[in-house]
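In: Predicted model follows, preceded by the sequence.
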Amino acid sequence: MFIHFMRHSSVITHFQNMTTLTFGLTLVRHGQTQYNKDGLLQGQKIDSPLSDRGLQEAEAAGRYLKDVTFTNVFVSDMLRAQQTAETIMKHNRSCSGLQMERDPLLKERSFGIIEGKLVQDLKDMAEAAGVSYLEFTPAGGESQEQVKERVKGFLQHMLQRVGTEHWQTEVSSAAPVEGKADDGVKALPVHALVVSHGAYIRVAMSYFVEELHCSLPQGLDKSHMLSLCPNTGVCRFIVTMRKEEDRFALSGIQCVFVHRAEHVKQL
């Protein structure tokens, strides 16, 4: 399932001046691992590779995004995310000269003592504690708030990197969403690819909506946006930043679509 961004504001005039820069952000979850298939939590201690299915998913994502122009690539420093990013870059025409930036701020959420155990075990522990499993923090693991702090740290790092490299880039009018791989970014010459993990992406989505007041596509159900992104699911945002003296700050963020995974349906 994916949601089109089709309301009146979907055709937006972007422009570069001395105070703002608008760029695309495409967020992708890594491909399937054997732990995913078996319903087991990986977290941070288990740095598993992609399964055969996961490698096929990464290839499919690479083919889907092959004609989309990227100017920056950021990836979790965990193996499953790096394999996914490398495969996408291998297929992409714009990535031949790009360096992938590995960032531990994009690492999966730590699940502490329950890593390597069933996701259902986490749900059972949360139920016994009387809280939602999304809000439950196993011993030795990261809380939602701690993951959110990493999301905020990465966002700031990305803004500084993109701003430093592309501040004077000219930006033209964006095309409406049509269900294509370059939806929302066809006319944006600055575009960051970010490859991360399911629990991390869910926290990022919540932060975007609840605290950054991200504008949503018409008809998008909030619960769908905050659901678990499928393996190699693609989410896209339009980010506007401003320059404040010698630093760059977020001005606004707009969701184009979330959890798009049609590229893996035929596998």
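Out: Nice, thanks for sending it over.

In: just checking, Asn19 touches Lys243?
Out: Actually, residue 19 is Thr rather than Asn. Yes - at 6.1 Å, Thr19 counts as touching Lys243 under the criterion of C-beta atoms under 8 Å. C-beta coordinates here come from the backbone N, C-alpha and C atoms, glycine included.

In: Comparing those two, which residue is more hemmed in?
Out: Neighbours per residue, other C-beta atoms under 10 Å: of Thr19 and Lys243, the larger number sits with Lys243, 14 against 10.

In: Help me confirm that Leu193 is found in a strand?
Out: Yes - assigned with DSSP: H, G, I helix; E, B strand; the rest coil, Leu193 falls within a strand.

In: partners of it in the sheet?
Out: In this structure, Leu193 bridges to Thr26, Val73 when assessed by DSSP bridges.

In: what about it, distance to Gly153?
Out: Computed as C-beta to C-beta, to the nearest Å, the Leu193 to Gly153 distance reads 19 Å.

In: and the two? which has more neighbours close in?
Out: Leu193 (26 against 14).

In: Now for Thr20, how many residues are close by?
Out: 16.

In: no wait, Ala85
Out: So Ala85, with other C-beta under 10 Å, has 27 neighbours.

In: that's a helix at it, yeah?
Out: Yes - the assignment for Ala85 by three-state DSSP puts it in a helix.

In: By mean pLDDT, which helix or strand of this protein comes out lowest?
Out: Lowest mean confidence among the helices and strands of the chain (mean pLDDT, DSSP states H and E): helix 222-225, at a mean of 89.

In: what's downstream of that one, the next helix or strand?
Out: Counting by DSSP states H and E, the next helix or strand C-terminal to helix 222-225 is strand 234-244.

In: Kindly format the C-alpha coordinates of that following strand as CSV.
Out: C-alpha atoms of strand 234-244 as CSV (Å, rounded to 0.1, in the frame of the first residue of the first chain):
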residue,chain,number,x,y,z
VAL,A,234,10.3,3.5,0.7
CYS,A,235,9.1,6.7,2.4
ARG,A,236,9.7,10.2,0.9
PHE,A,237,9.7,13.7,2.4
ILE,A,238,10.3,17.2,1.2
VAL,A,239,12.5,19.1,3.6
THR,A,240,13.0,22.9,3.7
MET,A,241,15.9,24.4,5.6
ARG,A,242,17.1,27.9,6.4
LYS,A,243,20.5,29.4,7.1
GLU,A,244,21.0,30.9,10.5
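
In: Tell me which residues of that strand come out buried.
Out: Buried positions in strand 234-244, judged by neighbour count with 16 or more other C-beta atoms under 10 Å: 234-242.

In: shouldn't Thr26 be in contact with Ala192?
Out: Yes - Thr26 lies in contact with Ala192 (C-beta under 8 Å); the separation is 7.2 Å.

In: Now do the shared contacts for those two.
Out: Phe70 (C-beta atoms under 8 Å, 6 or more residues apart in numbering).

In: What's the local residue count around Asp38?
Out: 10.

In: Can you check the pLDDT for it?
Out: We have a pLDDT of 97 for Asp38.

In: Likewise for the one 5 residues further on?
Out: You'll see Gly43 listed with a pLDDT of 96.

In: Sketch out the low-pLDDT regions of this structure for me.
Out: Within the chain, the set of residues satisfying pLDDT under 70 comprises 1-18, 170-177.

In: Just the buried positions in the longest strand anywhere in it, please.
Out: Counting by DSSP state E, the longest strand found in the chain is strand 247-260. Neighbour counts over strand 247-260 (16+ other C-beta under 10 Å) mark 248, 253-260 as buried.

In: got those residues as CSV, with distance to Ala187 columns?
Out: Shown next, in CSV, are the buried residues of strand 247-260 (distance: C-beta to C-beta, whole Å):
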residue, distance to Ala187
Phe248, 21
Ile253, 18
Gln254, 14
Cys255, 18
Val256, 13
Phe257, 17
Val258, 21
His259, 24
Arg260, 19
